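Student: Here is a sequence together with a model predicted from it:
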Amino acid sequence: MPELPEVETVKETLKRNILGKTIKNVEVFYEPIVEYPSVEEFKKKLEGQTINDLSRRGKWIEFILDDYILLSHLRMEGKYYYRKVGDKKEKHQHVFFNFTDGISLRYVDVRKFGKMWLTTKEELDSIKPIKELGLEPWDEKLTVSYLKEKYKDKKIPIKTCILDQGIITGIGNIYADEILFLSNIDPFKIPKDLKKGELQGIIDNTRKVLENAIKKGGTTIRSYTSEEGVTGLFQNDLFVHQREGEKCLTCGSIIVKTKINGRGTYYCPKCQKVKK
DNA sequence: GTGACCACCTGGCCGC
DNA sequence: TGCGGCCAGGTGGTCA
């Protein structure tokens, strides 16, 4: 599932492959993927635009074009493939960006959850997907006092708060479990009850886990790959996620799986002092 | 304003 | 072998 490290890997791969290319035309085969503007406008505005740079905000990839910024969210299983213009459309390929040099960048999404949004540089910070994002994990404004303020009225489990993109952006279900394990925090704990040291642990381990995952090219679970044939290696470094019934690598207790707010949650009852 | 729940969507897996 | 049901999960919408 693409979280920040996977999105970062995809962005870097795209950067190596499509920087400087000019879009000849765009084909959309599953219209709900284009969130804004209309599909016709989306296709028209992208024609003739050159990809000048790529960046990332949270889990959104930003394609920096001449006059616009194309935002792409991979959601659950989105990915990009490279083909030649005119190559047969394969299953689950929903949007084609055909370049003037004959290369066709294809957005592939088995579950069709991904979203694209076309905006301008001026409007970028005020549009819905971006304006509600919280801090990047490496933002210097991410401090214990920031988390204390954000968590002060929260009555929901810390696991749910860590997934809140409006507080820290980029963390998904896999890394939330890993961050809480490394911080020795009970995922059911109510955030306002967390001590300073525990909040600092969340900040430090968020950075540590994500940095390590980026170095390893992300996590390959189920169908995620950054591109064809490229798989991440961070799944080999997971302490708890998808390890139900296995021994904790730290204390030897059995890893437990439960659900918190509908999300599969893995934890070590001993290391994370879970009272349930 | 907050939290719980559901829909979106498809493939994989499991039990019968 | 085939079928039905459940599960996976990021995000936005709806409702209490």
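Tutor: Great, that's in hand.
Student: and the stretch 1-150 of chain A, which residues reach DNA strand C?
Tutor: Contact residues, the stretch 1-150 of chain A versus DNA strand C (Cβ under 7 Å from any atom of the strand): A:1, A:3, A:58-59, A:73, A:75-76, A:111, A:113, A:128-129, A:132. Any C-beta I mention is one placed from the backbone N, CA and C, and that applies to glycine too.
Student: wait, what's in contact with the closest residue to DNA strand C within the stretch 51-200 of chain A?
Tutor: In the stretch 51-200 of chain A, no residue comes nearer to DNA strand C than A:G172, which is 3.1 Å away by Cβ to the nearest atom of the strand. By Cβ atoms under 8 Å, 6 or more residues apart in numbering, the contact set of A:G172 is A:1-4, A:59, A:163.
Student: Any buried residues in stretch A:20-34, and which?
Tutor: For stretch A:20-34, a neighbour-count test (16 or more other Cβ atoms under 10 Å) marks A:21, A:23-26, A:28, A:33-34 as buried.
Student: Any chance you could list what contacts it?
Tutor: So stretch A:20-34 is contacted by A:39, A:42-43, A:46-52, A:65, A:85, A:89, A:93-101, A:103, A:107, A:109, A:112, A:114-116, A:118 (Cβ under 8 Å, 6+ apart).
Student: then stretch A:3-13 to PDB, C-alphas only?
Tutor: Listed next in PDB are the C-alpha coordinates belonging to stretch A:3-13 (Å, rounded to 0.1, in the frame of the first residue of the first chain):
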ATOM      1  CA  GLU A   3       2.600   5.300   2.000                       C
ATOM      2  CA  LEU A   4       5.100   8.100   2.100                       C
ATOM      3  CA  PRO A   5       8.300   5.900   1.400                       C
ATOM      4  CA  GLU A   6       6.500   4.200  -1.500                       C
ATOM      5  CA  VAL A   7       5.300   7.500  -3.000                       C
ATOM      6  CA  GLU A   8       8.800   8.900  -2.600                       C
ATOM      7  CA  THR A   9      10.200   5.900  -4.400                       C
ATOM      8  CA  VAL A  10       7.700   6.200  -7.200                       C
ATOM      9  CA  LYS A  11       8.400  10.000  -7.500                       C
ATOM     10  CA  GLU A  12      12.200   9.400  -7.800                       C
ATOM     11  CA  THR A  13      11.600   6.700 -10.400                       C
END
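Student: Rounded mean pLDDT for that stretch, please.
Tutor: The average pLDDT for stretch A:3-13 rounds to 89.
Student: same question, stretch A:211-221
Tutor: On average, the pLDDT along stretch A:211-221 is 79.
Student: That one near DNA strand B anywhere?
Tutor: No. Taking Cβ under 7 Å from any atom of the strand as the criterion, stretch A:211-221 and DNA strand B are apart, separated by no less than 11.7 Å.
Student: Generate TSV for the buried residues of stretch A:20-34, with pLDDT as supplementary columns.
Tutor: Shown next, in TSV, are the buried residues of stretch A:20-34 (pLDDT from 0 to 100):
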residue	pLDDT
A:K21	98
A:I23	98
A:K24	98
A:N25	97
A:V26	96
A:V28	94
A:I33	92
A:V34	93
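Student: ok, then the element right after the worst-scoring helix or strand of chain A on mean pLDDT?
Tutor: Here the helix or strand of chain A ranked lowest by mean pLDDT, DSSP states H and E is helix A:128-131, holding a mean of 84. Following helix A:128-131 in sequence order, the next helix or strand is helix A:144-151 (DSSP states H and E).
Student: With only the CA atoms kept, save that following helix in PDB.
Tutor: Extracted as PDB, the C-alpha positions of helix A:144-151 are listed here (Å, rounded to 0.1, in the frame of the first residue of the first chain):
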ATOM      1  CA  VAL A 144       6.300  17.600  21.300                       C
ATOM      2  CA  SER A 145       4.300  20.800  21.800                       C
ATOM      3  CA  TYR A 146       2.800  20.600  18.300                       C
ATOM      4  CA  LEU A 147       1.600  17.000  19.000                       C
ATOM      5  CA  LYS A 148       0.400  18.000  22.500                       C
ATOM      6  CA  GLU A 149      -1.800  20.700  21.000                       C
ATOM      7  CA  LYS A 150      -3.200  18.500  18.300                       C
ATOM      8  CA  TYR A 151      -3.900  15.600  20.600                       C
END
